[in-house]
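Trainee: Kindly generate the corresponding structure for this input.
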Amino acid sequence: MAVETFLSGNERYFGDDDIIVSKTDLKGRLTYANKIFLDISGYQEKEVLGQPHSLIRHPEMPRCIFKLLWSTLEQGKEIFAYVNNRSKNGDNYWVYAHVTPSWDKSGKIVGYHSNRRVPDRDILDQHIIPLYKDLVAKEKSTANRKDGMHLAETMLNDLLVEKQVAYDEFIATVGQRRRRGYR
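Mentor: Alright, predicted model coming up:
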């Protein structure tokens, strides 16, 4: 399936009580998508099942965030992240994602499960969107995509060292840090 690259410039929203749910296999191919996922992404179930979850990846989403996400999941850990997705028609929508490995009865990872909620708009506008713009700019600062992603990854790690937090703590406390008057 060819992924559309058109961006409409329009943002979609979903309800505060809505939860977008999807499941993937170990390769990131969609094995389940709930109705809210389908509604906001603009796809039909038959269009997404078996397709890579990156089908909804927004091109202005930092690749280094996905590298961190996959690395964390492969270690058997959960991760929270702010993600900008792209719908079928080119609209975008922001989510606050909680992604976890799924295990079989023997304790082997067999796939991944993601629940996404409406993110705090102030956190997006004041912290996440500016950070992601800087990370994407760093990724695009070199002709070699791999080198660019490494530079952005270093930039993110330097920020976390400066803040003296791990990524998961940074994501969990970014709103609290803002309310306390420091960034």
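
Trainee: Please, which helix or strand holds the residue of the chain most remote from its centre?
Mentor: Distance from the centre of the chain peaks at residue 106, with 28.6 Å (CA atoms, centre = their mean). Counting by DSSP states H and E, there is no helix or strand that carries residue 106.

Trainee: So for this protein, the centremost residue is which one?
Mentor: For the chain, counting by CA atoms, centre = their mean, the most central residue is residue 83, which lies 3.2 Å from the centre.

Trainee: Next up, the contacts around that one.
Mentor: Contact analysis of residue 83 by CB atoms under 8 Å, 6 or more residues apart in numbering lists 61, 65, 94, 95, 97, 116. Every C-beta, even on glycine, is put in place using the N, C-alpha and C of the backbone.

Trainee: By residue count, tell me the biggest helix in the protein.
Mentor: When the chain is parsed with DSSP state H, its longest helix is helix 145-163.

Trainee: How far off centre is that one?
Mentor: Using CA atoms, centre = their mean, to the nearest Å, the distance from the centre of helix 145-163 to the centre of the chain it belongs to is 17 Å.

Trainee: ok, now stretch 162-175?
Mentor: Relative to the chain's own centre, stretch 162-175 is displaced by 16 Å; criterion: CA atoms, centre = their mean.

Trainee: Which parts of the protein are strands?
Mentor: Listed in chain order, the strands of the chain (DSSP state E) span 20-24, 30-33, 79-86, 92-103, 109-117.

Trainee: Rebuild these as TSV, extending it with distance to residue 46.
Mentor: Rendered in TSV, the data for the strands of the chain read as follows (distance: least, CB to CB, whole Å):
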stretch	distance to residue 46
strand 20-24	15
strand 30-33	11
strand 79-86	19
strand 92-103	21
strand 109-117	20
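
Trainee: From those, pick the one with the highest average neighbour count.
Mentor: Ranked by average neighbour count under the criterion mean count of other CB atoms under 10 Å, the strands of the chain are headed by strand 79-86 at a mean of 22.

Trainee: Run the angle between it and strand 109-117 for me.
Mentor: Interaxial angle of strand 79-86 relative to strand 109-117 (axes from the mean of the first three to the mean of the last three CA atoms, to 10 degrees): 70 degrees.

Trainee: list the buried ones in the longest helix of the chain?
Mentor: By neighbour count, and taking 16 or more other CB atoms under 10 Å as the criterion, the buried residues in helix 145-163 are 148, 149, 150, 151, 152, 153, 155, 156.
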